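**Q** mind folding the following:
(2 chains)
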Amino acid sequence: MKLKHSVFTRRQFLNGLLGGWLGALAASFAYPIIKFLFPPTPEPEQVILPLADYSGIPPNSVKTFAWGSKPGFIKKSDDGTLAVFVAVCTHLDCSVAYLADQKKFFCACDEGWYDDNGINIGGPPPKPLRRLVLEEEGANLIIKREKAA
Amino acid sequence: MSIRTISRGVATWFEDRLGLSAIVGFLKEKEVPQNKHTLWTYTGSLILVFFGIQVVTGVMLAFYYKPTLELANKSIGRIMTEVPLGWIIRSVHFWSSTFMIAVVFIHLLSIWIIKSYRKPRELTWMSGVFLLVFTLAFGFTGYLLPWDDLSLAATKVGTDIPRSIPWVGVWATKFLRGGDDISADTLSRFFSFHVSVLPLCLLAVLCFHIFLIQKQGMSFPLGAQEREEGKRVLPFWPNFVLREAIVWLVFLGVLITVAVLLPPSLGKSADLMAPAPEGIKPEWYFLFLFQTLKIFPPKILFMSGDTVAVLVILVGVILFFCLPLIDNKPDRRKGKLITAAAYLFILYAVAMTLWSLLS
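**A** Residues are numbered from 1 along each chain as shown, chains lettered A, B, ... in the order given. Got it, this is the predicted structure:
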């Protein structure tokens, strides 16, 4: 098929070619720059802690450990069972505290409350605290991501 | 409303407030002399391209680099191995500095030989000498930052050289090191020089340098007015800029290729208490000075050889700075001698560099 009139002029075509080529060039420089600016901070597969350091936690209290770059809590309840939480508020990423006298987790940033099972019960948090899986293996505690639901 | 009318409206809005069309008009009227020396006029903008790359990659490296004794070397190791594409960013920063310094040398030697510094362009040359000093200082301070054996040893030697200058030398060495010896303070001081003091100094002088070039226009070769070539010119925009763009792209391609194939190494973290490694040499652009210091005997008359050598180099730099004032009759015999001196200098620098490399 032959068109009666050109859709665009030769100048427009050449300008588009040059502009497109410059754009592609710029993109090829922008790509590594953007890649560079976002380093991978992968969440750990698991964290291994010596059991001896954590066996002496008194009931109704927590001990902190590092879950990658986030704080984690190992919590011993009154009956002696251990539970592990990522100690980060689900609202806006603040680190939470455990208030033993009230048996609640508290986030000071926007006054968010969680009960001692990490369930959000007051304030803005939309979700419960994230729980991790705890296993004892010999002299170590192994903390893993929660299994896929 | 079409996109075209909207963008035209936005352009008019800014134009009414900024009046940038004056600059565009200026660039359209600007002319570049066309003659057998035109090739050298490409070096100026090429330096700017490499400097721009240095700024961008330097800012990026500073995001991850940590100027402390414990972490300097480790953080560069992390950039090279963990940060996505960090190795090529560092490699480009390294090679772009090398290319930039090489083109700076070509730029100034060509101006020396063509004598573009003649009246009224003396200040352009003098500000250019400042830019040269800042550029070399960038290279010197940047060399320490990876904090490996080689960079530590080179910095020890480099910061010790001013000590031989009478009266102010000891003070200068202390100022550079932030104390009597190289320490953690030297590292943070060099980092501060490299990423804030030198960029500010260089940018200020660079603006002055470029302003003068725009104000005075491009220089014609000596005696061109009487000859035919004095009339041949090329419009700066768009003809010359497009030609420059070709040069930029070619060198960009070469730079990236070299950076991919030959990334700089990283030695193990420097130990302040360890003996210096064997065969240390500064970067290639300091080799001719390094070798010059070496050839002086330990004692000359009542002064130490080092003092004489450093004083000779200092006098050389001052003469170099005043070159347009000394070369005040460029088309006479004296002017020809000064051009010959440029070739002699090139010969000397190349010979000394080769000597240093081969010894």
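**Q** let's verify B:Gly9: helix, strand, or coil?
**A** Put simply, B:Gly9 is helix when judged by DSSP: H, G, I helix; E, B strand; the rest coil.
**Q** quick one: it from B:Glu15, how far?
**A** Distance, B:Gly9 to B:Glu15, using CB to CB, to the nearest Å: 11 Å. In this view, the C-beta of every residue, glycine as well, is placed from N, C-alpha and C.
**Q** need the contact list for the most centrally placed residue in chain B.
**A** Taking CA atoms, centre = their mean, the centroid of chain B lies closest to B:Thr135, which sits 3.3 Å from it. By CB atoms under 8 Å, 6 or more residues apart in numbering or on different chains, the residues touching B:Thr135 are B:100-101, B:104, B:202.
**Q** redo that, cut-off 7 Å
**A** B:100-101, B:104 (CB atoms under 7 Å, 6 or more residues apart in numbering or on different chains).
**Q** ok, B:Phe140 next?
**A** Applying CB under 7 Å, 6+ apart to B:Phe140 gives the contacts B:Gly158.
**Q** got a list of what the closest residue to A:Asp110 other than its chain neighbours touches?
**A** Spatially, and ignoring its direct neighbours in sequence, A:Asp110 is nearest to A:Pro124 (5.1 Å; CB to CB, 6 or more residues apart in numbering or on different chains). Contact analysis of A:Pro124 by CB under 7 Å, 6+ apart lists A:91, A:110, A:112.
**Q** any weak-confidence spans in chain B?
**A** Residue ranges of chain B with pLDDT under 70: B:1, B:225-226, B:229-230.
**Q** tell me the domain ranges of chain A?
**A** According to automatic domain parsing, chain A comprises the domains A:1-39, A:46-144.
**Q** ok, the first one near chain B or not?
**A** Yes. Counting by CB under 7 Å from any CB of the partner chain, chain B has neighbours in domain A:1-39: A:32-33, A:35-36, A:39.
**Q** so which of the residues you listed is the most crowded?
**A** With neighbours taken as other CB atoms under 10 Å in any protein chain shown, the top of these is A:Phe36, carrying 20 neighbours.
**Q** that residue reaches B:Glu82, doesn't it?
**A** No. In this structure A:Phe36 lies outside contact range of B:Glu82 using CB atoms under 7 Å: 11.3 Å.
**Q** what's the spacing between stretch A:112-121 and its chain's center?
**A** Mean-position distance between stretch A:112-121 and its chain equals 19 Å (CA atoms, centre = their mean, to the nearest Å).
**Q** scratch that, stretch B:222-239 is what I was asking about
**A** 28 Å.
**Q** picking up where we left off before, and which of the residues of domain A:1-39 next to chain B is nearest to B:Gln216?
**A** Comparing the residues of domain A:1-39 next to chain B against B:Gln216 with CB to CB places A:Ile33 closest, at 36.7 Å.
**Q** so which bits of chain B are right by chain A?
**A** Checking chain B against chain A by CB under 7 Å from any CB, the hits are B:60, B:82-86, B:88-89.
**Q** where's the residue nearest to the centre of chain B, which helix or strand?
**A** Per DSSP states H and E: B:Thr135 is located in helix B:122-144.
**Q** so what does the helix or strand just after that helix touch, helix or strand wise?
**A** For helix B:122-144, the succeeding helix or strand toward the C-terminus, using DSSP H and E, is helix B:149-160. Counting contacts by 3 or more CB pairs under 7 Å, 6 or more residues apart in numbering or on different chains; DSSP states H and E, helix B:149-160 packs against helix B:122-144, helix B:169-177.
**Q** and the angle for helix B:149-160 with helix B:122-144?
**A** Orientation of helix B:149-160 against helix B:122-144 (axes from the mean of the first three to the mean of the last three CA atoms, to 10 degrees) gives an angle of 140 degrees.
**Q** just the C-alphas of helix B:149-160, formatted as CSV.
**A** Taking C-alpha atoms only, helix B:149-160 is exported to CSV below (Å, rounded to 0.1, in the frame of the first residue of the first chain):
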residue,chain,number,x,y,z
ASP,B,149,49.1,-0.8,51.5
LEU,B,150,49.9,1.0,48.3
SER,B,151,47.7,4.1,48.9
LEU,B,152,49.0,4.4,52.5
ALA,B,153,52.6,4.3,51.4
ALA,B,154,52.0,6.7,48.5
THR,B,155,50.3,9.2,50.8
LYS,B,156,53.1,8.9,53.4
VAL,B,157,55.7,9.9,50.7
GLY,B,158,53.4,12.5,49.1
THR,B,159,52.6,14.3,52.3
ASP,B,160,56.2,14.2,53.4
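**Q** reformat the residues of domain A:1-39 next to chain B as TSV; add secondary structure.
**A** Shown next, in TSV, are those (three-state DSSP):
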residue	secondary structure
A:Pro32	helix
A:Ile33	helix
A:Lys35	helix
A:Phe36	helix
A:Pro39	coil
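**Q** would you list the phi and psi of the nearest residue to A:Glu136 once chain neighbours are set aside?
**A** Closest residue in space to A:Glu136, ignoring its immediate chain neighbours: A:Leu51 at 6.6 Å, by CB to CB, 6+ apart. Dihedral angles of A:Leu51 (phi, psi; degrees, to the nearest 10) stand at phi -60, psi -40.
**Q** so what's A:Leu51 up against?
**A** Shown in contact with A:Leu51 (CB under 7 Å, 6+ apart): A:136, A:139-141.
**Q** around chain B, which positions in chain A sit nearby?
**A** A:32-33, A:35-36, A:39-40.
**Q** now, among those, which is nearest to B:Ile213?
**A** The closest of the residues of chain A next to chain B, once distances to B:Ile213 are taken by CB to CB, is A:Ile33, at 30.2 Å.
**Q** just the pLDDT for the closest one.
**A** For A:Ile33, the pLDDT comes out at 92.
**Q** let me see the contact set for it.
**A** B:Met60.
**Q** so for stretch B:299-310, what gets flagged as buried?
**A** By neighbour count with 16 or more other CB atoms under 10 Å in any protein chain shown, stretch B:299-310 contains the buried residues B:305-310.
**Q** show me which pair in those is furthest apart.
**A** Pairwise distances across these peak at 9.7 Å for B:Gly305 and B:Val310 (criterion: CB to CB).
**Q** where do the strands sit along chain A?
**A** Remark: strands assigned in chain A by DSSP state E are A:46-50, A:61-67, A:70-76, A:82-86, A:97-99, A:104-107, A:112-115, A:120-122, A:131-137, A:140-144.
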